[in-house]
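Asker: have a look at this prediction, sequence included:
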Amino acid sequence: MKRAIEKIGYFKAKNNHIHGKEKKGLITKKRAFRFFFIALVFLALVLVSSSIFASTEPSPAPPPAAESQMPWWGWSITLLVSTFILGILAVLGGVGGGVLFVPLIGGFFPFHIDFVRGAGLIVALSGALAAGPGLLKRNLASLRLSLPVALIASSAAIVGAMIGLALPANLINILLGTTIIGIVIIMATAKKSDFPVVPKPDGLSQSLGIMGIYREESLDKDVEWNVHRTPTGLILFIVIGVMAGMFGLGAGWANVPVLNILMGAPLKISVATSKFLLSITDTSAAWIYLNSGAVLPMIVVPSVVGIMLGSLVGVKILARTKPKSIKWIVIVLLLFAGARALLKGLQIWK
Amino acid sequence: MAEKKITKASEEQIAYAKILNIGMFLGLALIVVTFIIYMSGILSSFIPPQEIPKYWSMASKDFIHSMGAPTGWGWVAMVSKGDYLNFIGIAFLAGLTILCYLVILPILIRKKDTPYIVIAIIEVAVLVLAASGILKSGGH
């Protein structure tokens, strides 16, 4: 169990961008693809039924709020099942759980967006904490690269969380929807480089000793790495931190391009460091939500358990095969979730 | 650091990973166990589970005002309630990073790695400030 949980983050990272040796096993691509579609259809059914049962809408007024037609335990089970499927999809699609969790659960469950963001941060935090030890021990996540970046991002995430909790729900949904659609564009178009060329490390990275060497198993050799454009990267992490705190999203979708394309860290180091970074960035924002009363255990615990269990199953499927088209299906799912948040915020699709 | 071109993780990185590993499993176990206690009804709840759907569609600020729910560290005084018992595990997971930084700080000091000593101290200060409850948002 312990090793399996450690593997979640490692395989998620691997699935994101790392080109390792993919194992061929008992399950064929066709079977995995079929399984994926069944999961997707089931998720759609769960979300649609949630939407039907959710007679409640976020109410700006204090109680009494209208009760939903489904009993509380029905919601807990539906949430557990939904997040379990999301956990599978996240691993197969190479995205973090938080980025799927917030727009989908916020869009189709009767929970206020405050509680969804609070839960989303703890979901992303739990995933990052679970992945962190393995990535650090393998020297894929770099502490020297993480610590300066984390200081900037975690400070900004506090500001983002405070802004996010102060804004009205409709505006948050509009901004969230726009952000998710932006993430879709980044995912669909962003280039990645396994080993970016860093002609000359910048002065800041040199003075901080941000450099390293890791064993690249796929090439069977050691790879040395440096970074450049560190000041620009740190400025961008202010924006990333604010967005992570404001929307309760993990920020891997933004961390990786900045670390890899802008700063020139190898893809494997970028993905692993990004995953580890979330454990620090999301911590500071999670505290703000926790202290502001925006955390409900009834939402948080089934979500964390569901995502973790789903990730374990996803890792098992991923270890055998990875149909490339799944990434595009997840992108469409994100696009749908982003559109839902945007339309909900605009009061077009309540 | 860089002169020793080895693929192994640094001492502080391994120390960080070790404490994170132990803490992560402890935190997840706490979350699951306290939730089971909450669901079992062994302890009375501040808001009974069947009443929760009345409140989860409210903004957090409205929820706090209408229920008189605690903010900041106010939950500590209510851990005898099943729902607030869950906050032990959640707060533990959220606080784990602070512990990890405190563990690597002596290693950084011993190595006289001044920039990272400063970064680690400021990060701990930032996270403690976030955790303190001073910066909660009352918004809307």
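Answerer: Good, I have the coordinates. These figures come from a predicted structure and were not determined experimentally. Numbers count the residues shown, from 1 in each chain, chains lettered A, B, ... in the order given.

Asker: so A:Leu165 touches A:Phe115, yeah?
Answerer: No: applying C-beta atoms under 8 Å as the test, A:Leu165 and A:Phe115 come out as separate, 11.1 Å apart. All C-beta spots, glycine's among them, are computed from the backbone N, C-alpha and C.

Asker: mutual contacts of these two, please.
Answerer: Residues touching both A:Leu165 and A:Phe115 (C-beta atoms under 8 Å, 6 or more residues apart in numbering or on different chains) are A:Ala294, B:Ser60.

Asker: confirm A:Pro110 sits in a helix?
Answerer: No: counting by DSSP: H, G, I helix; E, B strand; the rest coil, A:Pro110 is not found in a helix; it is coil.

Asker: that one and A:Val116, how far apart?
Answerer: For A:Pro110, the distance to A:Val116 equals 10 Å [C-beta to C-beta, to the nearest Å].

Asker: pLDDT at the most centrally placed residue in chain A, what is it?
Answerer: Taking C-alpha atoms, centre = their mean as the criterion, A:Gly96 is the residue nearest the geometric centre of chain A, at 2.7 Å. Looking at A:Gly96, its pLDDT stands at 78.

Asker: need the pLDDT of the residue nearest the centre of chain B.
Answerer: When chain B is reduced to its mean C-alpha position, the nearest residue by C-alpha atoms, centre = their mean turns out to be B:Ala94, at 1.8 Å. B:Ala94 is assigned 95 on the pLDDT scale.

Asker: re the thing from before, excluding its backbone neighbours, what's nearest the residue nearest to the centre of chain A?
Answerer: Leaving aside its chain neighbours, A:Gly96 sits nearest to A:Gly250 (3.8 Å; criterion: C-beta to C-beta, 6 or more residues apart in numbering or on different chains).

Asker: is that neighbour in a helix, a strand, or coil?
Answerer: coil.

Asker: buried residues in stretch B:66-85, which are they?
Answerer: Neighbour-count burial for stretch B:66-85 flags B:Ser66, B:Met67, B:Ala69, B:Pro70, B:Thr71, B:Gly72, B:Trp75, B:Lys81, B:Gly82, B:Asp83, B:Tyr84, B:Leu85 (criterion: 16 or more other C-beta atoms under 10 Å in any protein chain shown).

Asker: right, and the helix or strand after the host helix or strand of the residue nearest to the centre of chain B?
Answerer: Assessed by DSSP states H and E, B:Ala94 sits inside helix B:82-110. Helices and strands here follow DSSP H and E; after helix B:82-110, the next one along the chain is helix B:114-132.

Asker: list the buried residues of stretch B:51-65.
Answerer: B:52-64.

Asker: and the two most separated of those?
Answerer: The distance between the two most remote of the buried residues of stretch B:51-65 (C-beta to C-beta) is 18.7 Å, for B:Pro53 and B:Lys61.

Asker: more neighbours, A:Pro110 and A:Val116?
Answerer: Taking other C-beta atoms under 10 Å in any protein chain shown, A:Pro110 and A:Val116 do not tie; A:Val116 has more neighbours (28 against 21).

Asker: tell me how many other residues surround the closest residue to A:Val99 other than its chain neighbours.
Answerer: In space, and not counting its chain neighbours, A:Val99 is closest to A:Leu249: 5.2 Å by C-beta to C-beta, 6+ apart. A:Leu249 has 32 neighbours, counted by other C-beta under 10 Å.

Asker: and the gap between A:Leu249 and A:Thr179?
Answerer: On the measure of C-beta to C-beta, A:Leu249 and A:Thr179 end up 8 Å apart.

Asker: shared neighbours, these two?
Answerer: Joint contacts of A:Leu249 and A:Thr179 (C-beta under 8 Å, 6+ apart) are A:Met243.

Asker: returning to what we had before: who's in contact with the nearest residue to the residue nearest to the centre of chain B once chain neighbours are set aside?
Answerer: Closest residue to B:Ala94 apart from its sequence neighbours, by C-beta to C-beta, 6+ apart: A:Ala286 at 4.8 Å. By C-beta under 8 Å, 6+ apart, the contact list for A:Ala286 reads A:Gly118, A:Leu121, A:Ile122, A:Leu125, A:Val295, B:Ala94.

Asker: separation between A:Ala286 and B:Lys111?
Answerer: Taking C-beta to C-beta, one finds A:Ala286 at 30 Å from B:Lys111.

Asker: check A:Leu234 too.
Answerer: In terms of C-beta to C-beta, A:Leu234 sits 23 Å off from B:Lys111.

Asker: packing partners for the helix or strand bottoming out on mean pLDDT in chain B?
Answerer: When each helix and strand of chain B is scored by mean pLDDT, DSSP states H and E, helix B:60-67 comes last, with a mean of 92. Packing contacts for helix B:60-67, counted by 3 or more C-beta pairs under 8 Å, 6 or more residues apart in numbering or on different chains; DSSP states H and E, involve helix A:113-137.

Asker: perfect, that will be all.
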